[in-house]
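I'll drop the sequence and a predicted model, then ask my questions.
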Amino acid sequence: MLRITLLQTPLHWENAPANLSELQKLLTGLEGTTDLVVLPEMFSTGFTMNAKSNAEPLEGPSMQWMRRMAIQLQAVVTGSLIIHVDGSYYNRLIWMQPDGTYQQYDKRHLFRLAGEEKTYTAGNQRLIFTCKGWAIFPLICYDLRFPVWSRRSKNFDYDLLLYVANWPERRNAAWKMLLPARAIENQSYVVAVNRVGADGNGILHSGDTAIYDFLGEKTSAATAHQKMVLQATLEKKSLINFRNQFPFWQDADEFDYK
């Protein structure tokens with residue numbers, strides 16, 4: 001069993017201290033109730049292209065906060081933030097573990113409509129992290145539109161596909177259709193966390209945070225436009241049984257990822 005906590009919340013524009021304070025309030029009292037806490041994309045600032053003014057170094061205040069929360073909750077805490085390393089900026093997902101160690105994934109597909117590719121450096125590695133015996137593949141927002149990158153295969157196997165996002169309401173039809181599609185084609189659970197509220201550019205986000213099972217059926221969902229802490233428990237045995245009964249993955253096409 002995997003206990004998941006999803007934070008669907010508005011974000012203060014380019015104000016990390018305010019966001020960390022609000023998120024901490026939502027997490028207060030959850031000790032012992034969760035194994036994995038998922039925050040939105042760029043949870044400390046909102047989805048901004050003003051990287052120079054908002055980036056933090058590795059081990060900066062936001063990562064230190066994540067470490068404190070992970071240790072306090074004894075759970076993995078994950079979400080993406082702006083990281084500055086050696087003159088480059090990254091939209092980087094941090095996988096902070098309960099012992100204070102971490103892993104990281106840099107967003108592969110940078111959102112061209114916002115000019116993200118002009119500000120940030122794209123990642124080039126697909127990484128699988130673990131939590132309570134579950135293999136989890138984390139991705140960031142725009143990555144959702146590219147099924148080859150998320151494709152589960154014989155040599156790249158996982159149990160849960162995880163998305164953190166700042167996905168705008170005006171394109172939420174795609175969000176709602178692509179998430180179950182990824183679950184079906186990969187025979188995997190899909191967990192997706194999106195923010196709510198308007199950002200500093202006036203772009204509205206409806207949230208639509210949700211969990212889909214390996215059939216593509218929505219099993220848990222947050223109320224649109226509402227600040228919510230959504231908690232759910234996923235069961236692995238049914239996933240394994242389904243894959244054994246319907247081994248579609250054995251007929252999947254092989255891809256060369258570059």
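Received it, and whenever you're ready, just let me know what you need.

and the helices in the protein?
Taking DSSP state H as the criterion, the chain contains helices spanning 16-27, 51-54, 61-73, 116-119, 147-150, 172-186, 236-245.

dump the ones you listed into JSON lines; add distance to residue 39 and mean neighbour count as well.
Every residue, glycine included, has its C-beta placed from N, CA and C. Shown next, in JSON lines, are the helices of the chain (distance: least, CB to CB, whole Å; neighbours: other CB atoms under 10 Å):
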{"stretch": "helix 16-27", "distance to residue 39": "7", "mean neighbour count": "17"}
{"stretch": "helix 51-54", "distance to residue 39": "16", "mean neighbour count": "14"}
{"stretch": "helix 61-73", "distance to residue 39": "8", "mean neighbour count": "19"}
{"stretch": "helix 116-119", "distance to residue 39": "19", "mean neighbour count": "15"}
{"stretch": "helix 147-150", "distance to residue 39": "20", "mean neighbour count": "15"}
{"stretch": "helix 172-186", "distance to residue 39": "17", "mean neighbour count": "17"}
{"stretch": "helix 236-245", "distance to residue 39": "23", "mean neighbour count": "12"}
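
got CSV for those, with mean pLDDT too?
Shown next, in CSV, are the helices of the chain (pLDDT from 0 to 100):
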stretch, mean pLDDT
helix 16-27, 98
helix 51-54, 97
helix 61-73, 98
helix 116-119, 97
helix 147-150, 94
helix 172-186, 98
helix 236-245, 96
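
between those, which one is closest to residue 99.
Nearest to residue 99 among these is helix 61-73 (7.7 Å), distances taken as CB to CB.

list the buried ones in stretch 229-236?
230, 232, 234 (16 or more other CB atoms under 10 Å).

pull the distance from that stretch to the chain's centre.
How far stretch 229-236 lies from its chain's middle: 15 Å, per CA atoms, centre = their mean, to the nearest Å.
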